[in-house]
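Output the structure for:
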Amino acid sequence: MFSNLFHDLDINHDEKYLEVFKRLKPLLIERIHTVLSSRSLSHSGRHITTNFNNFFDALFFIVESGSQMRYVKQTYGIPKSTFYRYLKIMIDYHILKDV
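Next up, the predicted model:
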């Protein structure tokens, strides 16, 4: 599967990470939705309203730039506690390792 995603990746170093991220992001979004739906044992409670496109953009921004968490809310509209919650879910369920 990975070879299909990256077989045509022939770009310079500066753009490589962004291109890899763009190709992995749909897989990561699909995987986190799968994990969240499997965790939901009952259908009560609030529905998830987080835009995972923005979540992964914020995650990439922090990793790439070394920025602080306080900029996530004002730039991407995601509260810090929500960002940490989904980051912890990604770590607990090995989402990055699985993809």
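
Any idea how many residues pack against the residue nearest to F83 when sequence neighbours are not counted?
Once flanking residues are discounted, F83 sits nearest to V72: 5.3 Å by CB to CB, 6 or more residues apart in numbering. Placement of C-beta: from N, CA and C, glycine included. Residues lying near V72 (other CB atoms under 10 Å) number 23.

same thing with I32?
I32: 21 surrounding residues under other CB under 10 Å.

how near is it to Y71?
The span separating I32 from Y71 equals 22 Å under the rule CB to CB, to the nearest Å.

any low-confidence regions in the protein?
Along the chain, segments meeting pLDDT under 70 span 1-14, 40-44.

At the geometric centre of it, which residue do we find?
Geometric centre of the chain, nearest residue: F56, 3.2 Å, by CA atoms, centre = their mean.

Surely that residue and L27 touch.
No: the pair F56 / L27 is not scored as a contact, 10.3 Å apart, by CB atoms under 8 Å.
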